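>>> A predicted structure for the sequence below; I have some questions about it.
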Amino acid sequence: QVQLVESGGGLVQPGGSLRLSCQASGNIHDSYAMAWYRQTPGTQRELVAQIDRRGLTNYADFVKGRFTISRVNANNTMTLQMNSLKPEDTAVYYCNSGSTRTAVVNGAAPYWGQGTRVTVSS
């Protein structure tokens with residue numbers, strides 16, 4: 001099992017930046033692949049970005065060129081650098097992990113953090 005703890009959310013003006021972090025603890029095999037999802041009220045969680053232990057990444061089209069996902073395997077942390085934030089980026093952001101990249105990308109990986117709220121507003 002894996003425990004995931006997010007941090008770094010908050011209020012930022014449009015065009016600003018935020019950096020989210022996710023600390024994983026527990027069985028490292030269950031954090032082979034990690035991802036950030038986000039959710040707004042009344043909608044399903046959507047994949048923002050994903051990274052595996054080899055460093056392979058993929059991004060949702062709506063964040064390409066603005067967000068960067070990274071991880072440090074030695075201390076089981078993952079970050080999401082968010083630049084050029086827009087009001088439509090407002091959501092609760094969740095850290096997700098699993099033992100396979102496919103499971104994480106498909107939203108089937110079982111481990112979730114508690115979420116951190118990002119609000120983009122002037």
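In hand now; what should we look at? Quick caveat, the model's predicted, so the values are computed rather than measured.
>>> per-residue confidence at the residue most central in space within the chain?
With distances taken as CA atoms, centre = their mean, residue 36 lies nearest the centre of the chain, 1.9 Å away. The model reports residue 36 with a pLDDT of 98.
>>> does it have beta-bridge partners, and which?
Counting by DSSP bridges, residue 36 forms beta bridges with residue 49, residue 95.
>>> how about it, what does it touch?
With contact set as CB atoms under 8 Å, 6 or more residues apart in numbering, residue 36 has these partners: 20, 22, 47-50, 69, 78, 80, 93-96. Just so you know, the C-beta spots here come from the backbone N, C-alpha and C atoms, and that holds for glycine as well.
>>> just the buried residues out of those residues, in ChimeraX syntax.
This is how ChimeraX selects the buried members of the contacts of residue 36, with burial counted by 16 or more other CB atoms under 10 Å:
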select :20,22,47,48,49,50,69,78,80,93,94,95,96
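>>> which strands and helices lie in contact with the helix or strand harbouring residue 20?
Secondary structure from DSSP states H and E places residue 20 in strand 18-26. Secondary-structure packing of strand 18-26 (3 or more CB pairs under 8 Å, 6 or more residues apart in numbering; DSSP states H and E): strand 2-7, strand 33-39, strand 77-82, strand 91-98, strand 116-120.
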